[in-house]
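Q: sequence unknown, structure follows:
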């Protein structure tokens, strides 16, 4: 090959290399562009995903925000008890106005605006943060059933929007097992299933709770006292329970030999009780294990039955819980002294300051407390008015009950043993059938001092004669009776001379003011209405101290008031204007209601249900008693098993003390502010006794099961705010 040819060949090869290099350059450039595009798309996709999350979070904020507003805002009031679709529709304009008024407090003016169309309210965009997301809330009536509101929150972030929805129900409930204006006392064998609240900040102690187990034995008493001392030193709060998931508290408790005996996740005095009586360590206490070997009887039959009866069905068809009344105490009973939040208007510091250095709040609140939802703080201090039921007596109108009594209820009947559809007269005692009061029992089973129908008295004597035993002797009792009030108490406030009605079946009767009667062995069917003077002291006074003065007014020339002088229409103005009644061994088959005085009047307007008086309301399941300013005494000072009553629906009273054996299936509402306390359970024969360890003379402390029942509607006449309650099961994401 010539040199010239070699030069040409080298030139040819250099050109081929350039072409290959250019091809690779094009490929790399294309890959770079592709990688850039992919990277950009990933960034955009990630941004879109982030915007989606932020938009959804904004929508979630809006839904929670509206839920909170529904709870905190001043909602419309209604005196109608059962909210149906028609009532809910009538409340809609008020709900719209309430939302608008609530939004008027928003700091940004633009966020206060709303758009209202038929059946719908829509807010302006609400910002969740500066330069962040926003949400718009729409509240819309359900056209098919206007008790329900569809609430939709649409959250927006950047160009992305998400919508969440939930249904809310317009309802009206008390939401407390016990709520009142005076200190609340919960005695032994008194177990509450539901929230408890005391609304007055300056009455002490706002709550007093006694242990259900401390009285059973000296050994258990010492262990419970030591455990309470341990709690005071090592456990913050007043729920009286150590959570085993708190490692620090668990270590301290374990070091003191305290353990979660029943394995429910908490250490409390119930564990001490189980350890004391569970002989075979199976976490169950049978009646045999709970029997006192020295007496052959249960240590406390009422306590055993109270725990075994927890969690009763709330309505027909409500499934029976496992272990209900199975004669065994175990975890199925889920014992807690109070299962619901304990709420007080006072602060812990103010209460402790009132107690001084001699005792502590821990001494006042004994026994385990568990919030029903498992999340709320068990004991809450410093609650404001929005967190507690509005107890103003002016919010209670009893006209709907009065309208069902007297001549408006039907044809008036007056005959021996039966009075219906009328206003009673003192002279109606003549319709008492023939009765005998036993002076000597002889060979009969009759009780000396008791009043019986003459037919019953004669039949008992016939049986005694046939058996060769002595006959009973008796007298016709007087148609009046002088009695101290409260009956059987060692600290009575007044004495009354009463007309005595015996063995009469009443139906839809009105009891006029100034009657101040004794009803013995009577039956009350339909609705019973008690008339009272509403204008106290002539100036519609709301002062309970003026109410006491009003009660003690004597007539001119009759001297000054004395609690030992029998009050009559001759000597007492308080007798004429009030209605102090006693129902002994009676059966109440329907609700009892009264007029609504302007003030609590202590003994002038006071009713006592004694002996074996039984409440069995078969007429109106919304209420057993509506008496907003009347003092109520229920149960015996001597026999805890005498009157096993069931109070259904609401029980409204100026004050109420319940002893004996009773079940409250609803709510106790105490509107008066003049009593020293409202006492649930046995605290002793003196109303002021809070430390008695002596059972009733007949034996035992009685038992009370008080359970808030949200399935029962309220009666008409209680004028309080409605509720707008979320149905959490309806939470969902919806299309925009």
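A: Right, received. Where do you want to start? As the structure is a prediction and not an experimental result, all values here were calculated from the model.

Q: From now on I want contacts and neighbour counts done on CA atoms only, so please keep to that.
A: Fine.

Q: Tell me the buried residues in stretch 331-351?
A: Counting neighbours by 16 or more other CA atoms under 10 Å, one finds that the buried residues in stretch 331-351 are 332-333, 335-346, 351.

Q: Can you report how many residues lie near residue 89?
A: A count of neighbours around residue 89, defined by other CA atoms under 10 Å, yields 21.

Q: Can you tell me the SS state at it?
A: Assigned with DSSP: H, G, I helix; E, B strand; the rest coil, residue 89 falls in the helix class.

Q: which residue packs closest to it, ignoring adjacent ones?
A: Here the nearest residue to residue 89 in space, its sequence neighbours aside, is residue 146; by CA to CA, 6 or more residues apart in numbering that works out to 5.7 Å.

Q: lowest-confidence helix or strand of this protein?
A: helix 3-72 (a mean of 67; mean pLDDT, DSSP states H and E).

Q: same for whichever helix or strand comes after it, what does it pack against?
A: The helix or strand immediately downstream of helix 3-72 is strand 77-78, counting by DSSP states H and E. Here strand 77-78 is seen to pack against strand 720-721 when contacts are counted using 3 or more CA pairs under 8 Å, 6 or more residues apart in numbering; DSSP states H and E.

Q: Pairing partners for the strand it packs on, with directions?
A: Partner strands for strand 720-721, per DSSP bridges, with pairing direction: strand 77-78 (antiparallel).

Q: next one: the strand it pairs with to chain centre, how far?
A: Here strand 77-78 shows a centroid-to-chain-centroid distance of 20 Å under the convention CA atoms, centre = their mean, to the nearest Å.

Q: For residue 616, list the residues it contacts.
A: 587-590, 645-647 (CA atoms under 8 Å, 6 or more residues apart in numbering).

Q: Which residue ranges of this protein form helices?
A: Per DSSP state H, the chain has helices spanning 3-72, 85-103, 218-234, 247-255, 269-277, 301-308, 348-355, 361-364, 399-402, 454-466, 544-551, 573-577. These are given in chain order.

Q: Distance to residue 514 added to these, as TSV?
A: Conversion of the helices of the chain to TSV gives the following (distance: least, CA to CA, whole Å):
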stretch	distance to residue 514
helix 3-72	44
helix 85-103	39
helix 218-234	49
helix 247-255	60
helix 269-277	50
helix 301-308	38
helix 348-355	41
helix 361-364	40
helix 399-402	17
helix 454-466	30
helix 544-551	12
helix 573-577	4
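
Q: For residue 517, find the nearest of these.
A: For residue 517, the closest of these is helix 573-577, at 10.9 Å, according to CA to CA.

Q: contacts for that closest one?
A: So helix 573-577 is contacted by 513-516, 532-533, 550-555, 567-569, 604 (CA under 8 Å, 6+ apart).

Q: and it, which residues are buried?
A: Neighbour-count burial for helix 573-577, with 16+ other CA under 10 Å as criterion, is recorded at 573-577.

Q: Make JSON lines out of those and add distance to residue 540 and pLDDT.
A: Below are the buried residues of helix 573-577 laid out as JSON lines (distance: CA to CA, whole Å; pLDDT from 0 to 100):
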{"residue": "573", "distance to residue 540": "17", "pLDDT": "97"}
{"residue": "574", "distance to residue 540": "16", "pLDDT": "96"}
{"residue": "575", "distance to residue 540": "18", "pLDDT": "98"}
{"residue": "576", "distance to residue 540": "17", "pLDDT": "97"}
{"residue": "577", "distance to residue 540": "14", "pLDDT": "97"}
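
Q: Which one of the residues you listed is nearest to residue 735?
A: Of all the buried residues of helix 573-577, the one sitting nearest residue 735 is residue 577; the distance, using CA to CA, is 66.0 Å.

Q: List the contacts of the residue nearest to residue 89.
A: By CA under 8 Å, 6+ apart, the contact set of residue 146 is 84-86, 88-89.

Q: Pick out the most distant pair among the residues you listed.
A: When the contacts of residue 146 are compared pair by pair using CA to CA, the two farthest from each other are 84 and 89, 8.6 Å apart.

Q: Give me the common contacts of the two.
A: 146-147.

Q: Closest one of the contacts of residue 616 to residue 57?
A: residue 647 (46.8 Å).

Q: Tell me the predicted confidence for the residue nearest to the closest one when sequence neighbours are not counted.
A: Nearest-residue entry for residue 647: residue 664, 4.7 Å, with adjacent residues in sequence omitted and distances by CA to CA, 6+ apart. According to the predicted model, the pLDDT of residue 664 comes to 92.
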